[in-house]
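Visitor: Kindly return the folded structure for what I paste below:
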Amino acid sequence: MSFLIFFLLVFVVNAAVNFYIAVRGWDLFPPDSPWRWVYFVALVFLSLSFLGGRFLERVWLSPVSEALVWIGSYWLAAMLYLFLAVLALDFVRVVNHFIPFLSSPVMDWIHRERLPIGGGIAGAVGLLLLVGHMNAANPRVRTLDLRFSRRLPVFDSMRVVVASDIHLGTIIGRRRFDRIVETINGLKPDLILLPGDIVDEDLAPVIRENLGDNLRSLSARFGVVAATGNHEYIGGVEAATAYLEAHGVTVLRDSVLELPNGLQIIGREDRSIRQFAGKGRKSLPELLAGIDSSKPVILMDHQPFGLGEAVAAGIDLQISGHTHHGQLWPFNYLTRAIYELSWGYRKIGETHVYVSSGVGTWGPPVRLGNAPEIVLFRLQTGK
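Guide: Prediction:
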């Protein structure tokens, strides 16, 4: 029910924003212009393409569904920036109505040239999308050196690579994932961690492109270990987990894995378990009950809520994702308001915390105001 309410809220907001853009764009054309209706039909198509493509790929995965998802994904980003531009112009108009600061000749010129001005705004938004797409397609590698006070019994250092929020599917397909895998393997990791949202809801595009082969290509001495994210639950967590494990990924679902060198990894179920499965996840004290407190512990918890819980439990390193650090400006201000840490590194007490902006994208294959990343932790243990 909560997911349905959320979906309806998103649908209503999406419809309202598209209606606002439609009305303001309609006014750009002269009343007798046939282009008004061309514009209107195109806008209706664009506004329905993402949801239509997502629905269609569940019942008929095809080039048509793929094209609709791509078109709709770009439109989501375009819609945001067109909305902000039109809102800014209307704000200026309202202020000018009460406190005139634009002369009558200027206002007359704006009214007379409204169609070229609208075209200029659309062109600027298109340029923004191009820049954001290039940014999203080129993940950065961020390297952090961390030291744990507890020692590893076998050796004292290791290289851990983290790739959060890949969102494998129609948008993040074979070509993009090939580059991600190549970058990760080039870092020569001892361990690869995938802290949730590995798949982008529906598994069908992942299976069609056989992205499991790419997962098998990930190479690390201690393998690839994952935790669930909200998108695994949205698309069906059992099917997603089965697919990942069939292709060489160990998925920790409220469970603990001890590596041969003594490092202990906890993977928590995503908080979405209550929303989608109607049950709670294990508490950290429950998960820590059977581990060796003399050895270091890494916790993967997809959504970075309640960081103090990990600190109180004495976790050495918590790794999260989920936020995308807003993905599209100005949503980074929203994620900063919601989460204690929206992106980056922080040490709280003796616990290291890292929230990744993620390597993939959800919805628009566009990032503005932040960068995708693969994180390399060079861990040292012992004081």
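Visitor: In the stretch 101-250 of the chain, what residue spans correspond to helices?
Guide: 104-112, 114-136, 174-186, 204-208, 212-217, 230-235, 237-246 (DSSP state H, counting those that start in this stretch).
Visitor: Domain-wise, how is the protein divided?
Guide: 2-134, 140-381 (automatic domain parsing).
Visitor: Dump those domains into CSV; add mean pLDDT and mean neighbour count as well.
Guide: In this view, the C-beta of every residue, glycine as well, is placed from N, C-alpha and C. Shown next, in CSV, are the domains of the chain (pLDDT from 0 to 100; neighbours: other Cβ atoms under 10 Å):
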stretch, mean pLDDT, mean neighbour count
domain 2-134, 91, 14
domain 140-381, 95, 19
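Visitor: As a check, name the ranges of all helices in the stretch 251-383 of the chain.
Guide: 272-277, 284-288, 307-313, 331-338.
Visitor: gap between the third one and the chain center?
Guide: Right, the one you point to is helix 307-313. 24 Å (Cα atoms, centre = their mean, to the nearest Å).
Visitor: residues making contact with it?
Guide: Helix 307-313 is contacted from outside by 284-285, 288, 299, 301, 318, 340-341, 348-351, 353, using Cβ atoms under 8 Å, 6 or more residues apart in numbering.
Visitor: and Val12, how far is that from Arg274?
Guide: 24 Å (Cβ to Cβ, to the nearest Å).
Visitor: Would you mind naming the residues that bridge with Leu191?
Guide: Applying DSSP bridges to Leu191 gives these bridge partners: Val160.
Visitor: Can you verify my assumption that it contacts Ala163?
Guide: No: Leu191 is not in contact with Ala163 according to Cβ atoms under 8 Å; the separation is 11.8 Å.
Visitor: re the thing from before, and the helices of the stretch 251-383 of the chain as JSON lines, adding distance to Leu87?
Guide: Output for the helices of the stretch 251-383 of the chain, formatted as JSON lines (distance: least, Cβ to Cβ, whole Å):
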{"stretch": "helix 272-277", "distance to Leu87": "32"}
{"stretch": "helix 284-288", "distance to Leu87": "43"}
{"stretch": "helix 307-313", "distance to Leu87": "34"}
{"stretch": "helix 331-338", "distance to Leu87": "15"}
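Visitor: Which one of those helices lies nearest to Leu368?
Guide: Closest approach to Leu368 among the helices of the stretch 251-383 of the chain (Cβ to Cβ): helix 331-338, 9.4 Å.
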